[in-house]
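Peer 1: Mind looking at a prediction? Sequence and model below.
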Amino acid sequence: MTEPAAPEPAATEQAGPGPARPGPAGSGLATEPAPPWRRLNPRMLVIHPVQEAIRAMPALVGLLIAGSSSGNGPGWSLLGLGVVVVLGVVRWFTTTFRVTPEQVQVRHGLLRRRLLAVPRDRVRTVDVTANAMHRLLGLARVTVGTGRPDADADLRLDALSAAEVATLRAELLYRGTPGQPAVADQPAAPPDQELAHWRLSWVRYGPFTLSGLVAVGILGGFLAQTLSEAHLDTSRFAALRAVREWAERTPTLLVVLAVAGTLVVATTVASTVGYLLAFWRFRLTRQAHGTLHVTRGLVTTRATTIEERRLYGVELVEPLLPRAARAARCLAIATGLRSRGGERAGERGGALLLPPAPREEARRVAAEVLRTAEPVTVTLVSHGTRARRRRYTRALLGCAALVLATGLAGWLLGWPGWVWAATLASFGGGALLAEDRYRNLGHALTAGTLVAATGSVVRRRAMLGTDGIIGWNVRQSYFQRRAGLATLTATTAAGGQHYDVPDVDLGTAVRLADAALPGLLAPFLAGTTAVPPGPPKPTGRAAPDPQGLDPQGSVTST
């Protein structure tokens, strides 16, 4: 009897290629040779130098300015550009990959040779992106997601042809034979079911995303820094000189209003253009192989495939400005997706199921993905007057601290009295914020789904299947204990890793947790005795690992 093999890590670095796969023990069969190493498409020799040059553009601009200042002209900049181009070309010669029956392996590096290997059964997503240059050459970039919180654990292949991408995606997601799609020998599958598609009228929600504000800020900062380092005399430019003269003879208030208006217009245009570029021809389909497939993009296209057996819920997100326009977006709560990047940047993590769209459309898509409308339409349980009082207390205490700090600063620095008086208006805004936070607070348990609604500036309604919950955390701060309230947290290996039901009555929190996972909290219920939990109900989906791992054991973030 042989010892069982130890489980392989989700992504490992090795010094060289692994050994060939042996045949069955005692069979006398020859060792099966490993698949050959494959190179990236040769057309990427056109792409990588350009990409490297774009990434190095700030450094190249700095070299150009430094060369001009020292009298060397563009020499240093051209030398740096040559080095960047050579590095881009070297990547093709030093990068190879192969798909074995057990692993996906990528080998790269010149001076330091590296081999990154990922077990095929731990592949979570396959993202396919193609920018304008990729599309012009018929290529695409493939990112194989392992579900680990560290983005460096993902495998990236830049670039492959469209035919190679289709074959590779079928191999990895549907466990096909290396080099052949897994569905080649199966009967014809029924057509894909379209759950949502992009409409031109959705462009009106673009300005409310404020994504253009970041772009305008980055561009403005880059231009200002470049002009400063170049020591350009702005008086030589007639347009800039005219703007400066106008600002000098115009009242300050009008200048501020003009700058604010220009910023609003620029942000609106940039946000609308960004919305079109990101979500043009968006399409969400349910495929016959048990996957959800999302495609989107105008100049740069992106395709993401999510296995439904790893999908444990849906989250409706309504930021303040889109909510004012009655818009919402929809995110997937699934294992293997980095749906929380700082402020849950689900679009970047591949969790996006619907871009900012009409609220009713977002609710319909959520019901379609969940295959039931009950979690979307259920009436939430209110958390009572104590939860409301906590929200008012925290909001108004913050306003009082602001007024006190402003008054003290005004007394010490001699500010005019109207500055302190203006801060008194914060009490009205704080009261409105507190009331809105309370109105958006609630929970429910229906159709095997925990529904938790929170937030005001960003309102969220998380609908998490109870079969995806791997534990509970009941927390009480000092002030919550005095109010008899608690925060119930459902921990999961999917989505954001935890979902809160804040400021709920302690008894209600325990009963809610016990109803969602019967028997788990029985020892904490008054008047009951500890009973072993019953067998889990069959779901047809891979259950998350209670150690904080996903069903196949790859590490998830906490």
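Peer 2: Looks like it came in fine.

Peer 1: Only C-alpha atoms from now on, for both contacts and neighbour counts.
Peer 2: Will do.

Peer 1: what stretches of this structure score poorly on pLDDT?
Peer 2: In the predicted model of the chain, residues 1-32, 56, 58-77, 80-81, 147-154, 174-190, 221-237, 338-349, 522-558 satisfy pLDDT under 70.

Peer 1: the longest helix in it is where?
Peer 2: helix 384-413 (DSSP state H).

Peer 1: Now for Thr143: which residues touch it?
Peer 2: Shown in contact with Thr143 (Cα atoms under 8 Å, 6 or more residues apart in numbering): 126-128, 154-157.

Peer 1: coming back round to it: which strands and helices lie in contact with the longest helix of the chain?
Peer 2: Applying 3 or more Cα pairs under 8 Å, 6 or more residues apart in numbering; DSSP states H and E, one finds that helix 384-413 contacts helix 417-423, helix 426-439.

Peer 1: List the buried residues for that helix?
Peer 2: 386-388, 390-392, 395-396, 399-400, 402-403, 406-407, 410 (16 or more other Cα atoms under 10 Å).

Peer 1: Under a three-state scheme, what state does Pro101 occupy?
Peer 2: With DSSP: H, G, I helix; E, B strand; the rest coil as the basis, Pro101 sits in coil.

Peer 1: And it, how close does it get to Leu168?
Peer 2: 13 Å (Cα to Cα, to the nearest Å).

Peer 1: more crowded one of these two?
Peer 2: Leu168 (23 against 16; other Cα atoms under 10 Å).

Peer 1: The longest helix of the chain vs helix 426-439, what angle?
Peer 2: Orientation check (axes from the mean of the first three to the mean of the last three Cα atoms, to 10 degrees): helix 384-413 against helix 426-439 gives 160 degrees.

Peer 1: Counting neighbours, what do you get for the closest residue to Arg283 other than its chain neighbours?
Peer 2: By the measure of Cα to Cα, 6 or more residues apart in numbering, the closest residue to Arg283 outside its immediate chain neighbours is His197, 4.3 Å from it. Neighbour count for His197, taken as other Cα under 10 Å: 16.

Peer 1: Same check on the one 10 residues further on?
Peer 2: By the measure other Cα under 10 Å, the count of residues near Pro207 is 23.

Peer 1: if I pick it, what's in contact with it?
Peer 2: Contacts for Pro207 (Cα under 8 Å, 6+ apart) come out as 267-269, 271-272.

Peer 1: Tell me the most packed of the residues you listed, by neighbour count.
Peer 2: Among the contacts of Pro207, Ser271 has more neighbours than the rest - 25 neighbours, counting by other Cα under 10 Å.

Peer 1: Please give me every residue in contact with that one.
Peer 2: Ser271 is in contact with 206-213, counting by Cα under 8 Å, 6+ apart.

Peer 1: hang on, the earlier thing: can you put the contacts of Pro207 in TSV and add secondary structure and distance to Thr94?
Peer 2: Formatted as TSV, the contacts of Pro207 follow (DSSP: H, G, I helix; E, B strand; the rest coil; distance: Cα to Cα, whole Å):
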residue	secondary structure	distance to Thr94
Thr267	helix	42
Thr268	helix	44
Val269	helix	42
Ser271	helix	39
Thr272	helix	41
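
Peer 1: ok, those vs His498, which is closest?
Peer 2: Ser271 (30.8 Å; Cα to Cα).

Peer 1: Tell me how far the closest one lies from Ala351.
Peer 2: Between Ser271 and Ala351 the distance, using Cα to Cα, works out to 21 Å.

Peer 1: cool, Leu320 as well?
Peer 2: 21 Å.

Peer 1: Neighbour count for those two, which is higher?
Peer 2: Ala351 (28 against 18).

Peer 1: Buried residues, stretch 307-326. List them.
Peer 2: Residues of stretch 307-326 classed as buried: 307-308, 310-323 (neighbour count, 16+ other Cα under 10 Å).

Peer 1: How far off centre is that stretch?
Peer 2: Its chain's C-alpha centre and that of stretch 307-326 lie 12 Å apart, by Cα atoms, centre = their mean, to the nearest Å.

Peer 1: what's the first-to-last distance across that stretch?
Peer 2: Its start and end residues considered, stretch 307-326 measures 30 Å (Cα to Cα).

Peer 1: swap in stretch 104-116?
Peer 2: Start and end residues of stretch 104-116 are separated by 8 Å (Cα to Cα).

Peer 1: how distant is that stretch from the center of its chain?
Peer 2: From the chain centre to the centre of stretch 104-116 is a distance of 27 Å (Cα atoms, centre = their mean).

Peer 1: which parts of that stretch are buried?
Peer 2: 104-108, 114-116.

Peer 1: so which of the contacts of Thr143 is the most crowded?
Peer 2: Counting neighbours by other Cα under 10 Å, Val126 leads the contacts of Thr143 with 25 neighbours.

Peer 1: Spatially, and excluding backbone neighbours, which residue is closest to that residue.
Peer 2: Using Cα to Cα, 6+ apart and skipping residues adjacent in sequence, the residue nearest Val126 is Val144, 4.8 Å away.

Peer 1: Show me the strands in the stretch 251-400 of the chain, by range?
Peer 2: For the stretch 251-400 of the chain, applying DSSP state E, counting those that start in this stretch gives strands covering 283-287, 291-296, 301-307, 311-319, 327-334, 352-358.
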